[in-house]
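Engineer: below is the sequence, then the predicted model.
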Amino acid sequence: MKHTDISELFKYPQKFSGSPVTVCGWVRTWRDSKSVAFIELNDGTCFKNLQLVFGKDKPLANLKEALVVGVALKAEGEFIPSERNGYEMAVSSVEILGGCPQDYPLQKKHHTLEFLRTIPHLRPRTKYFEAVFAVRSTLSYAIHKYFQEHGYKYVHTPIITGSDCEGAGEMFRVTTMPWKTECGNEEEYYAEDFFGHRANLTVSGQLEGEMAATALGRIYTFGPTFRAEHSNTTRHAAEFWQIEPEVSFADLDDIIGIAEEFIKYIIKYTVDNCPDELAYFSERFEKGLLDKLSAVISSDFAKISYTDAVEALKKSGKDFKYPVEWGCDLQTEHERYLTEEYFKKPVFVVDYPADIKAFYMKLNPDGKTVAATDLLVPGIGEIIGCSEREADTAKLIEAMKKRNMPLEAYGEYLDLRKYGSVPHSGFGLGMERILMYITGVQNIRDTLLFPRTVGNL
Ligand code: 4AD
Ligand code: MG
């Protein structure tokens, strides 16, 4: 369909000024007076709407059908400078592409986010979600750009796996077994199943990522991961996107340096390339958002050991719901105190107790902590889980046995330590969590096109 993107018009206004143009889009709002009518048209190519002006001296035949919220139309006219809008379009003809009856749910200008969650197929047509998904797209590009510019190869790890990377048992099962299959026990059941044994949706591409990294040097994954966690919080989704770089010949300090540089790079790229969207979030939803982001880009992240963090939490005088003792997992309230009140900036908490972390993390010389870190940010808590991997076969096997893991299922993973083992490290960044941090969106359900959470498909 021959037409010009609204983004093109606003990008090169001088080129189009005074010329006839054709645009397509959806009516966001309209106004009507005695002598003139206006439509705010959006075609999804840019955050700004184009104002269409209809003079009533030469009324158009289908003007009435065009003055309806949600209608899809094609308009021809002259692109002209205007005092209030910079530029607008004086319409000479309009064609209705798709009408929109009165039951269209997006009639009002402002709807609550709760209401919009009930219409996920339509909510991208609102300004808020248009901004969220535009930033998500730019952020995704920035992530690829960083890794491609820094010598990482993009690998596609499987979505269906037979292992449990994080060992938390929070996996969705993949099966083709018919409803009400009779069987004596689990083994019999899976023997009949598609793969001949239990299969799951992956919780992380890390284990396969390590296999690629010990051949290709530096790799990253960027794909969907799945967790059947029953955490009904504003930060947990059952299907979320994870970015997992894996770096050979890198220890924990190296990977922390990479993570910090990477986070600053992707935030800066997004700030530079989504000015309208971020200004909108900053004005309407999180005052000071842009200042927060520029402070993050220009200052060093903090770093504290888990042991010192526990001390700081104990001395905080705060009445936490979950009491803190060395050895406990840090809860969101603890993470948020550390990053929001204690440091007031992003912080790497390092050297967690081995018992609360995954089997693959490198045991420190103290024999009780591991070379692992979580990156915590204000407003959210953990956005990155990171570690140096255990490169020593004997120690790795001991950690697996301690967790009652079936060694035979991890033969390939153990081979990495047998054949030319090297120090290597990696991390996992939650796409939705970093997006929440950059936009100020408060609920993970509002960062995904179709969020999957407990009881919600
Ligand atoms: O800390 P996690 O569990 O680490 C891993 O999966 C490692 N295998 C990563 C690695 O070293 N390659 O998860 C990594 C990140 C978290 O910090 C969080 O940002 C995000 O993934 N995440 C979730 N995001 C949304 N919903 C959930 N249910 C999430 N679980 C983890
Ligand atoms: Mg984690």
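Structural biologist: Sure thing, it's come through. Numbers count the residues shown, from 1 in each chain. Ligands and ions are numbered 1, 2, ... in the order given.
Engineer: okay, now A237: neighbour count?
Structural biologist: 25 (other Cβ atoms under 10 Å). Heads up, the C-betas are built off the backbone N, CA and C, glycines and all.
Engineer: strands along the stretch 151-300 of the chain, start to end?
Structural biologist: 153-154, 160-161, 200-201, 218-226, 239-248 (DSSP state E, counting those that start in this stretch).
Engineer: just the residues contacting the second one, thanks.
Structural biologist: The reference is to strand 160-161. With contacts defined as Cβ atoms under 8 Å, 6 or more residues apart in numbering, strand 160-161 is touched by 174, 195, 199-202, 208.
Engineer: now these as a markdown table including neighbour count and pLDDT?
Structural biologist: Converted to a markdown table, these look like this (neighbours: other Cβ atoms under 10 Å; pLDDT from 0 to 100):
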| residue | neighbour count | pLDDT |
| --- | --- | --- |
| V174 | 18 | 95 |
| F195 | 12 | 94 |
| A199 | 19 | 94 |
| N200 | 21 | 95 |
| L201 | 19 | 97 |
| T202 | 27 | 97 |
| E208 | 23 | 97 |
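Engineer: I figured A238 was touching R227, is that so?
Structural biologist: Yes - assessed by Cβ atoms under 8 Å, A238 is found in contact with R227 at 6.2 Å.
Engineer: near ligand 1, which residues of this protein?
Structural biologist: 165-166, 204, 206, 227, 229, 236-237, 240, 242, 244, 382-387, 426-428, 430, 432-433 (Cβ under 6 Å from any ligand atom).
Engineer: and these, which are buried?
Structural biologist: 165-166, 204, 206, 227, 236-237, 240, 242, 244, 382-387, 426-428, 430, 432-433 (16 or more other Cβ atoms under 10 Å).
Engineer: tell me which of the contacts of strand 160-161 is nearest to S294?
Structural biologist: Taking Cβ to Cβ as the measure, T202 is the one of these closest to S294, at 35.9 Å.
Engineer: contacts only, for the closest one.
Structural biologist: 157-161, 165, 225-226.
Engineer: repeat for P365
Structural biologist: Per Cβ under 8 Å, 6+ apart, neighbours of P365: none.
Engineer: that one in helix, strand or coil?
Structural biologist: Here P365 is coil, with the state taken from DSSP: H, G, I helix; E, B strand; the rest coil.
Engineer: likewise for R136?
Structural biologist: The local conformation at R136, judged by three-state DSSP, is helix.
Engineer: show me where the stretch 351-457 of the chain has its strands.
Structural biologist: Using DSSP E, counting those that start in this stretch, strands in the stretch 351-457 of the chain cover 369-377, 381-388, 424-430.
Engineer: these: which one's closest to E130?
Structural biologist: Here strand 424-430 is closest among the strands of the stretch 351-457 of the chain (Cβ to Cβ), at 22.5 Å.
Engineer: who does that closest one touch, helix- and strand-wise?
Structural biologist: With contacts defined as 3 or more Cβ pairs under 8 Å, 6 or more residues apart in numbering; DSSP states H and E, strand 424-430 has these neighbours: helix 206-216, strand 239-248, helix 252-273, strand 381-388.
Engineer: that strand vs strand 381-388, what angle?
Structural biologist: Interaxial angle of strand 424-430 relative to strand 381-388 (axes from the mean of the first three to the mean of the last three Cα atoms, to 10 degrees): 160 degrees.
Engineer: tell me the mean pLDDT for strand 424-430?
Structural biologist: In this model, strand 424-430 has a mean pLDDT of 98.
Engineer: then stretch 142-159?
Structural biologist: The pLDDT scores in stretch 142-159 average 98.
Engineer: V53 contacts V91, doesn't it?
Structural biologist: Yes - the pair V53 / V91 is scored as a contact, 6.5 Å apart, by Cβ under 8 Å.
Engineer: those two: which has the busier surroundings?
Structural biologist: V91 (23 against 17).
Engineer: so that one, which state does it fall into?
Structural biologist: Using three-state DSSP, the structure places V91 in strand.
Engineer: now do E78
Structural biologist: Secondary structure, three-state DSSP: E78 is strand.
Engineer: so what's it up against?
Structural biologist: Taking Cβ under 8 Å, 6+ apart, one finds 18-21, 89-90, 92 in contact with E78.
Engineer: neighbour count and pLDDT added to the residues you listed, as CSV?
Structural biologist: Putting these into CSV (neighbours: other Cβ under 10 Å; pLDDT from 0 to 100) gives the following:
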residue, neighbour count, pLDDT
G18, 9, 95
S19, 11, 95
P20, 12, 97
V21, 17, 98
M89, 27, 97
A90, 14, 96
S92, 14, 95
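Engineer: just the pLDDT for whichever residue of the stretch 251-400 of the chain sits closest to ligand 1.
Structural biologist: Closest approach between the stretch 251-400 of the chain and ligand 1, counting by Cβ to the nearest ligand atom: G385, at 2.2 Å. G385 is assigned a pLDDT of 98 by the prediction.
Engineer: cool, and the one 4 residues further on?
Structural biologist: In the predicted model, R389 carries a pLDDT score of 98.
Engineer: list the contacts of the least confident helix or strand in the chain by mean pLDDT.
Structural biologist: Among the helices and strands of the chain, helix 186-191 carries the lowest confidence by mean pLDDT, DSSP states H and E, at a mean of 87. Outside helix 186-191, the residues within contact range by Cβ under 8 Å, 6+ apart are 177, 181, 183, 196-198.
Engineer: kind regards, and thank you for your time.
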